[in-house]
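Visitor: have a look at this prediction, sequence included:
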Amino acid sequence: MSESESTGGEFEREPAPKSSLLGFKSFIGMYAGEHCAGTELMLGPLFVAAGVTAWDLIMGLLIGNALAVLSWMVLCAPIATRARLTLYYQLEKICGRGLVTLYNIANGVAFCFLAGSMITVSATALGVWFKFPMPGLSDTYPNSVGWVVAVAALGVVVSFVAAAGYSMVARFANIAAPWMVLVFLAFGFIGLREFMNETGAEVNSLASFWELAQNDIWKGGEPLGGQSKFTFWHVMFFAWFCNMAMHIGMSDLSVFRFAKKSWYGLATASGMYVGHFMAWISASILYALQLHRTPENTDVLPGPLADNAAGIAGLICVIIAGWTTANPTIYRAGLAFQSIIPGASRFWVTLFTGLLVTIVGMFPGVAMGLLGFVAIYGLILMPMGAVIFCDFWLLPKLGLRSYYAEHARLPINWAAAVAWLGTLAICVGLVKGFPDVMIGDVRVFEIYFVALPGWFIASALYVGLSQVLQSSNPAEAA
């Protein structure tokens, strides 16, 4: 029996063979389905709650999403289509079994929290149908038995789809994505129509839309409910870095190892501009309409928002959209945990991961703080992406050996360990130690920004320490 067969046929510890490669269309559907999802009805409203202006939102999303697509195309996909290894096996060859185990635990837990927030989103649609109490913007814990049961039921379904493997995840996304895109587009047009009815405005040109957007939808002002104030820079960096773990952090090596060509990284634009542009804007409009009608109702609940806009179709969209995002996220988390115990069945490990995700989904505080959590989770995983990039491209050009831990049989590559943990310590130190450094109205060392200098810090640390480590063991590096 081959290793891939023993672990469920997903080639966790060997390069993906040509027979398993997928076409461009599969990646368009997957990224459109994953990023035009239930969480967009969470993130869009949070921009409004953060007091963003119309100009800052539109321009920040246009530029930030372009940078995200380029990050997939330039950093992640070229390595994925050359090595064709999962993130976790490639890191094991670079970092050593001991260090990668610690990383995989951190990675898997982060993915569990992210997927859990997606289950939370879907559960808000069931709350409208079954009329059980749902959490508010400041709630952390489950507030009703109905809520717990709804999250549990959704978690079971999503976990079984993810456990079936990447092909099933991609097939599910391709079926659901086209319909969901149309519903999200409808959300935006319906919200605009209702705003026109409420304000008496006429939107018959770009100029009239812009006037409504500035005066009634994204008005700026003070943030709501303890949210941070967002500017253009916050929006741009958030759009770029909200998926940092996937592109700069290289988690999507596990996905693009199935791509025939590296330029398939362009497929991520289907998620960025359909999901992280159109869907965020549509969701923002619905939430702004809610605040316009009842300013005291600051709850960010995707289910009621979708129901008020599109009725049953909106509720079904929220449920399925949560599934299409949670499916690949649980799949990634399952691979992270399965790599810790290579002989374990990926199917059963993924089901166990789904159980953890379901428990997280019962606590709404994760989803309500999604803007901050996504920034933190990307920061945690970013340094290892820099390590992979430097190990694959730079070390050979400098006469150093790639995959050094595998070659020297090291349990821990200390160059990678210091680059990862040292970069995190420096970035946290910048955020905590220099909170008052300002450029205009923007704090320079805010959690949304420090990952950019952090990538260069991690790269410099890894290359420099690799030179020291390998020069001290010339026989092993030869």
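Guide: Perfect, I can see it now.

Visitor: from now on I want contacts and neighbour counts done on CA atoms only, so please keep to that.
Guide: Noted.

Visitor: nearest residue to the middle of the chain?
Guide: Nearest to the mean C-alpha position of the chain, counting by CA atoms, centre = their mean, stands Asn243 at 4.1 Å.

Visitor: helix, strand, or coil at that one?
Guide: Going by DSSP: H, G, I helix; E, B strand; the rest coil, the secondary structure assigned to Asn243 is coil.

Visitor: what sits closest to it if chain neighbours are left out?
Guide: Residue nearest to Asn243 in three dimensions, not counting chain neighbours: Gly378, with 6.8 Å by CA to CA, 6 or more residues apart in numbering.

Visitor: I figured the one you found hits Gly249, correct?
Guide: Yes - Gly378 is in contact with Gly249 according to CA atoms under 8 Å; the separation is 7.3 Å.

Visitor: more crowded one of these two?
Guide: Neighbours per residue (other CA atoms under 10 Å) separate Gly378 from Gly249, with Gly249 holding more: 29 against 23.

Visitor: contacting residues for Ala163?
Guide: Contacts of Ala163 were listed using CA atoms under 8 Å, 6 or more residues apart in numbering, and they are 331, 346-348, 350-351.

Visitor: show me where this structure has its strands.
Guide: 438-439, 442-443 (DSSP state E).

Visitor: so what's the residue count around the residue nearest to Ala125 when sequence neighbours are not counted?
Guide: Distances taken as CA to CA, 6+ apart place Gly303 nearest to Ala125, at 3.9 Å, with adjacent residues excluded. Residues near Gly303, counting by other CA under 10 Å, number 28.

Visitor: in contact with Gly303, which residues?
Guide: 121-128, 314-315, 318.

Visitor: again, only using 6 Å
Guide: Residues near Gly303 by CA atoms under 6 Å, 6 or more residues apart in numbering: 124-125, 315.

Visitor: again with Thr231
Guide: Thr231 neighbours (CA under 6 Å, 6+ apart): Asp56.

Visitor: mind starting the numbering at 33 from now?
Guide: I'll keep to 33 as the first residue from here, and by that count the last item is Thr263.

Visitor: tell me the buried residues in the longest helix out of those in the chain?
Guide: Across the chain, the helix with the greatest residue count (assigned by DSSP state H) is helix 334-370. Neighbour-count burial for helix 334-370, counted by 16 or more other CA atoms under 10 Å, picks out 334-342, 346-370.

Visitor: how much space separates Phe162 from Val267?
Guide: Going from Phe162 to Val267 by CA to CA, to the nearest Å gives 35 Å.

Visitor: burial of the closest residue to Leu497 other than its chain neighbours, as a residue count?
Guide: Nearest residue to Leu497, sequence neighbours excluded (CA to CA, 6+ apart): Ala447, at 4.9 Å. When counting by other CA under 10 Å, one arrives at 21 neighbours for Ala447.

Visitor: quick revisit: if you count what's nearby, which of Phe162 and Val267 comes out ahead?
Guide: With neighbours defined as other CA under 10 Å, Phe162 and Val267 compare such that Val267 has more, 24 against 12.

Visitor: report the contact partners of the more buried one.
Guide: Per CA under 6 Å, 6+ apart, neighbours of Val267: Gly92.

Visitor: how near is it to Phe43?
Guide: 37 Å.

Visitor: same thing with Asp423?
Guide: With CA to CA as the criterion, Asp423 and Phe43 are 22 Å apart.
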